[in-house]
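Peer 1: predicted structure and sequence below. I'll ask about it afterward.
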Amino acid sequence: MLLTFTAIDKQAQLRDFSCWLTSLEGAFDALSAISLAGNQLIKAEIIDNEQHTVLPVEAFNGEIFSESIQQLENQWRQILTPLIKPVSKADQWLIKLTRQRIRSIQIGIEQSCRMIDQLEIVLQGTKALICSELQRVRLITRYELMIRSKRNYLATLRDQQNLVLNRLAQLDEIYANRL
């Protein structure tokens, strides 16, 4: 941004100045320092992105602006920033443990589904075997029991998964309400 200003110096000379600055606070502090040095500001203007802003020269009485502006900025940042309470170590651990439990259950579900698929393939192959009827019935019954057992286990895993997912949702909600 470009700061341009006109001042009357201590020798009563009218002087025009301009300088490039990076912050508005810096421009205000520069104008205040000029006033503090005994020079009288006549006009001041900031040009930034082709926009001209005329500054009220009577506001620059030698007091530093940057500290007050920084305090004001800190105050409005505090007001505008939501109060975030950090998650306690215990809560972090509980959430992590719950997510690990979910992953463990998902792995168990995947493995059970693969096992059931494999047992059903073996069962179909056993039904097609040419062997004694008694042997074939025993094998078929055994595979059917194994498949039923795995399906029951799969249903249990899915119930556990729903419970743990609900628990994680509760933990997330508790954390969200703390914000």
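Peer 2: The structure has been received and is ready for your questions. Residues are numbered from 1 along each chain as shown.

Peer 1: and the helix or strand hosting Asn152, how far from the chain's centre?
Peer 2: According to DSSP states H and E, Asn152 maps onto helix 133-178. Relative to its chain's centre, helix 133-178 lies at 34 Å (Cα atoms, centre = their mean, to the nearest Å).

Peer 1: next: stretch 117-125.
Peer 2: Distance of stretch 117-125 from the chain centroid (Cα atoms, centre = their mean) equals 48 Å.

Peer 1: outside of it, which residues touch it?
Peer 2: The contact list for stretch 117-125, computed with Cβ atoms under 8 Å, 6 or more residues apart in numbering, reads Ile140, Tyr143, Glu144, Met146, Ile147, Lys150. To be clear about C-beta, it is placed using only N, CA and C from the backbone, and glycine gets the same treatment.

Peer 1: okay, it in PDB with CA atoms only?
Peer 2: Extracted in PDB, the C-alpha atoms of stretch 117-125 (Å, rounded to 0.1, in the frame of the first residue of the first chain):
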ATOM      1  CA  ASP A 117     -18.600 -68.600   1.100                       C
ATOM      2  CA  GLN A 118     -15.800 -71.200   1.200                       C
ATOM      3  CA  LEU A 119     -17.900 -73.600   3.300                       C
ATOM      4  CA  GLU A 120     -20.800 -73.300   0.900                       C
ATOM      5  CA  ILE A 121     -18.500 -74.200  -2.000                       C
ATOM      6  CA  VAL A 122     -17.200 -77.200  -0.100                       C
ATOM      7  CA  LEU A 123     -20.800 -78.200   0.800                       C
ATOM      8  CA  GLN A 124     -21.900 -78.100  -2.900                       C
ATOM      9  CA  GLY A 125     -18.800 -80.200  -3.800                       C
END
